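K.L.:
Sequence and predicted structure below; questions after.
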Amino acid sequence: MTMHNARVLAVFTTLLVSGLLVTAATRTGTPPAGAQSPPFTFQHVIIIVQENRTPDNLFQGLCTAPYGSASSCSTTPSGSQYDIKTSAWLDKFAPGGTIAPKTVPLANTYDLDHSHRGWLAQCDLSGGACKMDGRAHCSGTCLPTPQFRYVDNSTGVLNPYLELATQYGWANAMFQTNQGPSYPAHQFLFGGTSAPSASDDAAGIFASENIVGTGGVGGFDKPAGCAAPSGTLVMLIHPGGSTTTMYPCFEHQTMADLFHGGVTWRYYAPAPGTIWTAPNSIKHICQSSGMGGSCTGPMWTNHLDFKARDVLNDIASCSLRSVSWVIPAGPYSDHAGPHSGSGGPAWIASIVNAIGKNTSCDGGKGYWNDTAIVLTWDDWGGWYDHVAPTILAGNQGDYQYGFRVPLLVVSAYTPKGYVNNVHHDFGTILRFVQRNFGITEGALNFADKRADGDLRAFFDFAKPPRPFTPIAARPMPAMMANDTSPPDDD
């Protein structure tokens with residue numbers, strides 16, 4: 001046993017003796033109490049972040065053969081049922097207040113408004129709760145009632161996602177932490193907050209939108225972070241809804257600052273200066289050469305990789321880090337709009353299969369038995385979802401929580417077809433990483449502190465690891481696999 005594993009085992013043993021490990025076993029949708037014992041740590045956690053989808057939009061296939069049936073889905077789920085609404089979606093502008101959903105290709109050509117303004121329109125807030133019956137603004141040539149669409153799987157394009165959801169773990173109640181688009185979402189996924197500082201987080205002041213201002217030309221070249229050109233701005237939302245703007249360079253701790261004792265990390269992203277490359281907005285990580293320059297800090301140069309496909313190369317070469325954030329390039333991001341593609345499911349399958357088939361790494365034992373894969377989507381993308389989020393009390397409630405997004409958990413210890421009904425958000429993922437590597441849960445005091453527990457219920461260590469079965473998927477074209485274009489501009 002390594003010194004790191006011995007230390008983590010000691011931490012878990014302390015928690016077990018204190019009774020903290022059994023709390024999740026009493027929650028709805030968790031494995032039996034035996035699943036919490038013995039203490040265990042994964043050597044690798046891979047956090048994969050796709051783009052802009054809701055469960056109702058992307059996972060209707062859970063309710064139809066061959067992956068499910070009508071009885072496998074319910075809007076008031078119990079046991080192993082999936083919370084997917086297949087009909088009568090709420091639309092306050094439709095006759096009778098509901099509308100029948102229709103299909104849309106995964107690679108559709110229009111994009112829906114998923115700004116904070118768009119969130120408010122779809123939420124239709126009343127009495128502190130979302131009615132979930134508003135409409136989104138749509139840009140481009142859009143289909144009628146564009147948000148009330150679910151992805152057409154008649155060609156099987158979504159089958160890898162559906163297979164993962166039914167073979168491993170699915171979260172019915174996963175919500176994005178923020179009420180807005182990709183830039184703040186990725187800040188929460190990496191650092192637990194989109195606030196410029198720890199004091200701003202405590203005061204309820206958050207970066208709420210994507211980048212605006214005169215810096216850059218927009219589109220794929222839209223800049224972000226501490227090396228963005230002069231004139232680059234991001235909007236901040238304050239308690240009560242007032243707004244200000246600032247240059248998008250923040251200073252606070254992130255998950256990466258908490259790693260110790262040999263815990264390594266890598267952030268895979270298509271390009272350095274984008275809204276999806278969260279570390280570029282953290283001053284002590286970027287250490288910019290100046291506005292319009294580049295990030296030069298040692299954390300940046302040692303831990304950022306600007307070819308998303310390199311995660312596959314690192315798996316093959318036994319170079320996988322302890323914690324990996326994996327951000328996709330455009331054609332396989334699931335992002336809607338003119339730059340969209342349909343390669344997302346195949347991309348995810350390629351990562352899972354690379355881990356599952358690896359037999360040479362980690363002392364010849366391979367990666368499968370000591371790796372947890374967490375797959376989520378960064379925001380709702382403007383698509384319909386029927387589950388209303390809980391709005392936090394106090395100043396955090398002006399920007400938390402956002403709408404529901406999918407969350408899948410894949411490991412050799414995840415029971416087949418496991419469905420979890422506990423509330424999760426991006427902070428939950430950070431708490432899981434903290435717990436797994438012996439870091440105090442909630443140590444950042446941001447979304448990780450506010451989150452409802454971690455992901456421990458997705459793993460049953462009382463049973464032997466499941467053998468890996470490859471996920472069937474279409475091969476990724478070489479051009480797509482080598483693409484380094486960011487997902488889009490929002």
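P.N.:
Cool, got the structure. Numbers count the residues shown, from 1 in each chain.

K.L.:
what about this structure, any weak spots by pLDDT?
P.N.:
1-40, 214-222, 476-490 (pLDDT under 70).

K.L.:
Phi and psi next, for the most centrally placed residue in it.
P.N.:
The centre of the chain sits closest to Thr376, judged by CA atoms, centre = their mean, with a distance of 3.4 Å. Phi and psi for Thr376, reported as degrees, to the nearest 10, are phi -140, psi 180.

K.L.:
again with Val352
P.N.:
phi -60, psi -40.

K.L.:
Just the helices from the stretch 251-400 of the chain, written as ranges.
P.N.:
255-258, 283-286, 298-303, 310-316, 344-357, 361-364 (DSSP state H, counting those that start in this stretch).

K.L.:
so which of these comes closest to Val387?
P.N.:
helix 344-357 (22.2 Å; CB to CB). For glycine as for every other residue, the C-beta is placed from the backbone atoms N, C-alpha and C.

K.L.:
just checking, what packs against that closest one?
P.N.:
strand 44-50, helix 159-167, helix 310-316, strand 371-377 (3 or more CB pairs under 8 Å, 6 or more residues apart in numbering; DSSP states H and E).

K.L.:
picking up where we left off before, surely the residue nearest to the centre of the chain meets Gly427?
P.N.:
No. If you go by CB atoms under 8 Å, Thr376 and Gly427 don't touch, sitting 12.0 Å apart.

K.L.:
For Gly427, give me its contacts.
P.N.:
Gly427 makes contact with 177, 188, 192, 446-451 under the criterion CB atoms under 8 Å, 6 or more residues apart in numbering.

K.L.:
Over to it. Which of the three states is it?
P.N.:
helix (DSSP: H, G, I helix; E, B strand; the rest coil).

K.L.:
any idea which element Val419 lies in?
P.N.:
strand 418-420 (DSSP states H and E).

K.L.:
Does that strand pack against any helices or strands, and if so which?
P.N.:
Against strand 418-420 (3+ CB pairs under 8 Å, 6+ apart) you get strand 169-171.

K.L.:
Pull out the buried positions in the strand it packs on.
P.N.:
For strand 169-171, a neighbour-count test (16 or more other CB atoms under 10 Å) marks 169-171 as buried.

K.L.:
can you pull out the strands in the stretch 201-350 of the chain?
P.N.:
Counting by DSSP state E, counting those that start in this stretch, the stretch 201-350 of the chain has strands at residues 206-213, 232-237, 243-246, 265-268, 304-305, 323-326.

K.L.:
From the chain's centroid, how far away is the first one?
P.N.:
What separates the centre of strand 206-213 from the centre of its chain is 19 Å, taken as CA atoms, centre = their mean, to the nearest Å.

K.L.:
okay, the strands of the stretch 201-350 of the chain in CSV with distance to Ala198 and mean neighbour count next?
P.N.:
Putting the strands of the stretch 201-350 of the chain into CSV (distance: least, CB to CB, whole Å; neighbours: other CB atoms under 10 Å) gives the following:
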stretch, distance to Ala198, mean neighbour count
strand 206-213, 12, 23
strand 232-237, 15, 23
strand 243-246, 16, 13
strand 265-268, 21, 22
strand 304-305, 23, 19
strand 323-326, 21, 24
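
K.L.:
Quick one: closest of those to Leu408.
P.N.:
Nearest of those (CB to CB): strand 323-326, 13.5 Å.

K.L.:
thinking again about what came up before, could you export the helices of the stretch 251-400 of the chain as CSV, including distance to Arg474?
P.N.:
Below are the helices of the stretch 251-400 of the chain laid out as CSV (distance: least, CB to CB, whole Å):
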stretch, distance to Arg474
helix 255-258, 33
helix 283-286, 36
helix 298-303, 32
helix 310-316, 16
helix 344-357, 5
helix 361-364, 26
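
K.L.:
Can you say which of the ones you listed is packed in most?
P.N.:
Neighbour counts averaged per stretch over the helices of the stretch 251-400 of the chain are highest for helix 344-357, at a mean of 22; criterion: mean count of other CB atoms under 10 Å.

K.L.:
Between strand 44-50 and that one, find me the angle.
P.N.:
170 degrees (axes from the mean of the first three to the mean of the last three CA atoms, to 10 degrees).

K.L.:
what's next to helix 344-357, contact-wise?
P.N.:
Everything outside helix 344-357 that qualifies as a contact, by CB under 8 Å, 6+ apart, is 46, 48, 50, 106, 157-161, 164, 311-312, 315-316, 326, 328, 332-334, 367-368, 371, 373, 375, 410, 468-476.

K.L.:
from the chain's centre, how far out does it sit?
P.N.:
With CA atoms, centre = their mean, you get 17 Å for helix 344-357.

K.L.:
Let's see that helix as CSV, backbone CA atoms only.
P.N.:
Extracted in CSV, the C-alpha atoms of helix 344-357 (Å, rounded to 0.1, in the frame of the first residue of the first chain):
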residue,chain,number,x,y,z
GLY,A,344,-20.6,13.2,-28.7
PRO,A,345,-21.9,9.7,-27.8
ALA,A,346,-19.1,8.0,-29.8
TRP,A,347,-16.5,10.3,-28.1
ILE,A,348,-17.7,9.3,-24.6
ALA,A,349,-17.8,5.6,-25.5
SER,A,350,-14.2,5.9,-26.7
ILE,A,351,-13.1,7.2,-23.3
VAL,A,352,-15.0,4.6,-21.4
ASN,A,353,-13.8,1.8,-23.7
ALA,A,354,-10.2,3.0,-23.4
ILE,A,355,-10.5,2.7,-19.6
GLY,A,356,-12.3,-0.6,-19.6
LYS,A,357,-10.1,-2.3,-22.1
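
K.L.:
now the angle between helix 159-167 and that helix, please.
P.N.:
Using the same axes, to 10 degrees: helix 344-357 against helix 159-167 is 50 degrees.

K.L.:
related to what we said a few turns ago, out of the strands of the stretch 201-350 of the chain, flag the one nearest Gly402.
P.N.:
strand 206-213 (10.6 Å).

K.L.:
Given the closest one, what are its sheet partners and their directions?
P.N.:
strand 232-237 (antiparallel) (DSSP bridges).

K.L.:
I am finished for the moment; much appreciated.
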